[in-house]
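Asker: return a 3D structure for these sequence lines:
(chains A and B)
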There are 2 protein chains.
Amino acid sequence: MPPDRGGRHPTVTSSALVLAGGSGTRFWPASRRARPKQLLALEGERSLLQATLERLRPLVPPERTWVATTPELAKAVAGQLPELPGGHVLVEPAQRNTGPAIGAALHALPEEARAGVVAVLPADHRVADEERFRAALGAALEAAARHDRVVALGVTPRWAETGFGYLELGAELPGGAGLRAIERFREKPDRATAEAFVASGRHLWNAGIFVFRGTTLLAELARHAPELAAGLERVAREPARRDELYRALPSISIDYAVMEKASGLAALPLDCGWDDLGSWQALFEVLAGDGAGNRSRGRLVTVDARDNLVYAPAGTVALLGVSGLVVVATGDAVLVLPRERAQEVRRVVERLEAEGRSDLL
Amino acid sequence: MPPDRGGRHPTVTSSALVLAGGSGTRFWPASRRARPKQLLALEGERSLLQATLERLRPLVPPERTWVATTPELAKAVAGQLPELPGGHVLVEPAQRNTGPAIGAALHALPEEARAGVVAVLPADHRVADEERFRAALGAALEAAARHDRVVALGVTPRWAETGFGYLELGAELPGGAGLRAIERFREKPDRATAEAFVASGRHLWNAGIFVFRGTTLLAELARHAPELAAGLERVAREPARRDELYRALPSISIDYAVMEKASGLAALPLDCGWDDLGSWQALFEVLAGDGAGNRSRGRLVTVDARDNLVYAPAGTVALLGVSGLVVVATGDAVLVLPRERAQEVRRVVERLEAEGRSDLL
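Answerer: Reported below is the predicted structural model:
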């Protein structure tokens, strides 16, 4: 990376690239192939995608925000975001993970945005304290512009999570505001390692939020993933063959393609009630309960029922004498499972796939 | 009652009066005020009402079958029974229990039917062995015609049920076929008494199935419930004031108004897999299970789930890691409860009433 340039960069443009092409099964039956988690209003009236853009808006307005997604979701994404200017929904011809998605999006940005700082953010996370989120993101944008570094926003860990990767921090960097070097990326740890990470005070959850000059990231990509970079150049150069060329790209995460290999990366801590809402149990943990600990979205009637999660955007759910369950009711499907087995919802989806129930997938 | 006349009565008309005016809450959310249990296809493709008439048909055809119900249900009842001639759905202006319902229906029958034998049957019971049911009912019709007795079909008890009344049997009566005098009607017993009843071999469950000459029953009604009989006469005589006069009748069961007071009653045993399907648990007991003991109506997907009852006429229910639950899904409501608490469904309905949720009642 270039050395720090020092000084302020008030004229550098800040843009945002929101990654909204993901799919998943953990919120079935609410989530479907055509309506994945980021499009769901799991908690409030807005979908996670809509909340992501609203959260950004005071810092990065829609005019400088782009959303990358898949052809299957493009229409729904645009429909949820009427404030986005035309052309700001960037369509990845296929799911090829975040490396190709971010690279192709950077090529597609207007030159001014690409030369400025770009914040890349997942579309399906939750943030409890939006002010603190923006303060951290603003500091990251400032640091990325001033020092021309790739800056990760890493989440201050609240427990010894084994389902996330971690950023291992090194020395404090000049410029203040808590900017620290990233020593290395750590894969999902086992329990003991996760506990050691949290105890060390030198590890942050990798939330997939990165801020960088677009041109800098593309240069890093060319250095550390030259084949992918060359493939992305071809995609950008030959729009008529875009689908075919994009499909030929490797499916690889930006972490693996670039971040884990690049030097000079920095991190800022994010302590804003961030949650990736990875399961129905995670949703249970962020919703407010009634007097008996039941948490619900939708109409719930209980008799002698405790500590259940109910998600029923339409219709009414009645619970009698049960506790610790997840009950999800959509128009066409109902799911019931114990809360502690929320990680296993995918097994139901696999069963539906095996039974050819594409109507419910 | 008149003494036995002896001899055969091959020319006596046999008719059926099916009581389909009941309401209840034990099958909520499948059952509603406008769609009570007898209109539900709990087990097969036909509703309990439809099954009741089909079961009768080889013995009593639709031309001699009448169905008594309430104004709220009359249209649905007629819709489910296109084979019934016009005028065979008898509308009770209000729910006044079986005494007024049967009395008014007998007045409304054609004279020939009223002078013949009439079988009165609830519309919401299940019969596993229809041939044995018809053999018993045929014998009861024959005995009622031949001896001009009120003959109850009492169910041979299969367990010490505390939720039913019992018929206590006396001496065997002439005429064979197991016809026995009813010594008395026994109210719902406590557990010990119920066990003694079953052990005695002298008690049958009172299933509310009675066979009698219509004119005989009306004479018994006049003797034992003269006020009700007089009220019913007025209802029959003043059709213009029918609603008002019917509403003024006491709400009283035929058992209490007549059967428990009359002498000369006889019983025949019914051993045909009869079930009153009194709860979701009762439905569980009569449905066939999958390899893990799950019983379902509708589409069910299970992962590691055992011994659950699922009733979902539309839509799909997925269960993961739960056992012993009842899960009912209608378009607008879902109910989840442990099977052993199936008797408490009414508490949910009471909660809905308290919350003014008439849309779900």
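Asker: residue ranges of each domain in chain A, please.
Answerer: Domains of chain A are assigned by automatic domain parsing as A:14-275, A:280-360.
Asker: now the most centrally placed residue in chain A: how far from A:R297?
Answerer: Of all residues in chain A, the one closest to the mean position by CA atoms, centre = their mean is A:P122, 2.3 Å from it. Between A:P122 and A:R297 the computed distance is 21 Å (CB to CB, to the nearest Å). From N, CA and C alone the C-beta is placed, and that goes for glycine too.
Asker: same question for A:R186.
Answerer: For A:R186 relative to A:R297 (CB to CB), the value is 35 Å.
Asker: repeat for A:T69
Answerer: 24 Å.
Asker: the two - which one has more neighbours?
Answerer: Neighbour count, other CB atoms under 10 Å in any protein chain shown: between A:T69 and A:R297, A:T69 has more, with 27 against 19.
Asker: tell me what that one is bridged to.
Answerer: A:V91 (DSSP bridges).
Asker: that one and A:E92 touch, don't they?
Answerer: Yes - using CB atoms under 8 Å, A:T69 is in contact with A:E92, at 6.9 Å.
Asker: anything in contact with each of those two?
Answerer: Taking CB atoms under 8 Å, 6 or more residues apart in numbering or on different chains as the criterion, A:T69 and A:E92 both touch A:G21.
Asker: just the mean pLDDT for the helix or strand where A:R55 lies, thanks.
Answerer: Under the criterion of DSSP states H and E, A:R55 resides in helix A:48-56. Helix A:48-56 shows a mean pLDDT of 98.
Asker: determine the set of other helices and strands touching it.
Answerer: Other helices and strands packing on helix A:48-56, by 3 or more CB pairs under 8 Å, 6 or more residues apart in numbering or on different chains; DSSP states H and E, are strand A:14-19, strand A:65-69, helix A:71-80, strand A:117-122, strand A:126-127, helix A:130-147.
Asker: could you tell me the angle between the fourth one and helix A:48-56?
Answerer: Angle, strand A:117-122 to helix A:48-56, by axes from the mean of the first three to the mean of the last three CA atoms, to 10 degrees: 150 degrees.
Asker: same question for the third one.
Answerer: Calculated by the same axes, to 10 degrees, helix A:71-80 forms an angle of 50 degrees with helix A:48-56.
Asker: now do helix A:71-80, average pLDDT.
Answerer: Mean pLDDT, helix A:71-80: 97.
Asker: residues in contact with that helix?
Answerer: Residues from elsewhere that reach helix A:71-80 (CB under 8 Å, 6+ apart): A:20-21, A:33-36, A:39, A:47, A:49-50, A:67, A:69, A:84, A:89, A:91-93.
Asker: among those residues, the buried ones, what's the PyMOL command?
Answerer: Buried residues within the contacts of helix A:71-80, by 16 or more other CB atoms under 10 Å in any protein chain shown, are selected in PyMOL with:
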select buried, chain A and resi 20+21+35+36+39+47+49+50+67+69+84+89+91+92+93
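Asker: what about the residue of the stretch 151-300 of chain A at minimum distance from chain B, how many residues nearby?
Answerer: For the stretch 151-300 of chain A, the residue closest to chain B is A:R299, as judged by CB to the nearest CB, at 8.3 Å. A:R299: 18 surrounding residues under other CB under 10 Å.
Asker: does it touch A:T316 like I think?
Answerer: Yes - between A:R299 and A:T316 there is a contact under CB under 8 Å: 4.2 Å.
Asker: run a quick neighbour tally on A:P82.
Answerer: 7.
Asker: all helices of the stretch 101-250 of chain A, in order?
Answerer: Using DSSP state H, counting those that start in this stretch, the helices found in the stretch 101-250 of chain A span residues A:111-115, A:130-147, A:191-200, A:214-224, A:226-237, A:242-247.
Asker: need these in TSV with mean pLDDT, can you?
Answerer: Output for those, formatted as TSV (pLDDT from 0 to 100):
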stretch	mean pLDDT
helix A:111-115	97
helix A:130-147	96
helix A:191-200	97
helix A:214-224	97
helix A:226-237	97
helix A:242-247	96
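Asker: same list (these) but as CSV, adding mean neighbour count and distance to B:A113.
Answerer: Putting the helices of the stretch 101-250 of chain A into CSV (neighbours: other CB atoms under 10 Å in any protein chain shown; distance: least, CB to CB, whole Å) gives the following:
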stretch, mean neighbour count, distance to B:A113
helix A:111-115, 15, 88
helix A:130-147, 21, 77
helix A:191-200, 15, 79
helix A:214-224, 19, 90
helix A:226-237, 17, 85
helix A:242-247, 16, 77
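Asker: in JSON lines: those helices, plus distance to chain B.
Answerer: As requested, the helices of the stretch 101-250 of chain A are exported to JSON lines (distance: least, CB to the nearest CB, whole Å):
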{"stretch": "helix A:111-115", "distance to chain B": "44"}
{"stretch": "helix A:130-147", "distance to chain B": "34"}
{"stretch": "helix A:191-200", "distance to chain B": "22"}
{"stretch": "helix A:214-224", "distance to chain B": "41"}
{"stretch": "helix A:226-237", "distance to chain B": "38"}
{"stretch": "helix A:242-247", "distance to chain B": "33"}
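Asker: how about these in JSON lines, adding distance to B:A240?
Answerer: As requested, the helices of the stretch 101-250 of chain A are exported to JSON lines (distance: least, CB to CB, whole Å):
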{"stretch": "helix A:111-115", "distance to B:A240": "84"}
{"stretch": "helix A:130-147", "distance to B:A240": "71"}
{"stretch": "helix A:191-200", "distance to B:A240": "82"}
{"stretch": "helix A:214-224", "distance to B:A240": "87"}
{"stretch": "helix A:226-237", "distance to B:A240": "85"}
{"stretch": "helix A:242-247", "distance to B:A240": "79"}
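Asker: which among those is found nearest to B:G103?
Answerer: Proximity to B:G103, assessed across these by CB to CB, is greatest for helix A:130-147 (71.2 Å).
Asker: who are the packing partners of the closest one?
Answerer: Counting by 3+ CB pairs under 8 Å, 6+ apart, helix A:130-147 packs on helix A:48-56, strand A:117-122, strand A:151-155, strand A:203-213, strand A:266-270.
Asker: for the helix holding A:R55, the distance to its chain's centre please.
Answerer: Distance of helix A:48-56 from the chain centroid (CA atoms, centre = their mean, to the nearest Å) equals 11 Å.
Asker: and the angle for it with strand A:14-19?
Answerer: Going by the same axes, to 10 degrees, helix A:48-56 makes 170 degrees with strand A:14-19.
Asker: burial count for the residue lying closest to A:E260 once chain neighbours are set aside?
Answerer: If the residues on either side of it in the chain are set aside, A:E260 comes closest to A:F185, at 4.4 Å by CB to CB, 6 or more residues apart in numbering or on different chains. Using other CB under 10 Å, the number of residues around A:F185 comes to 17.
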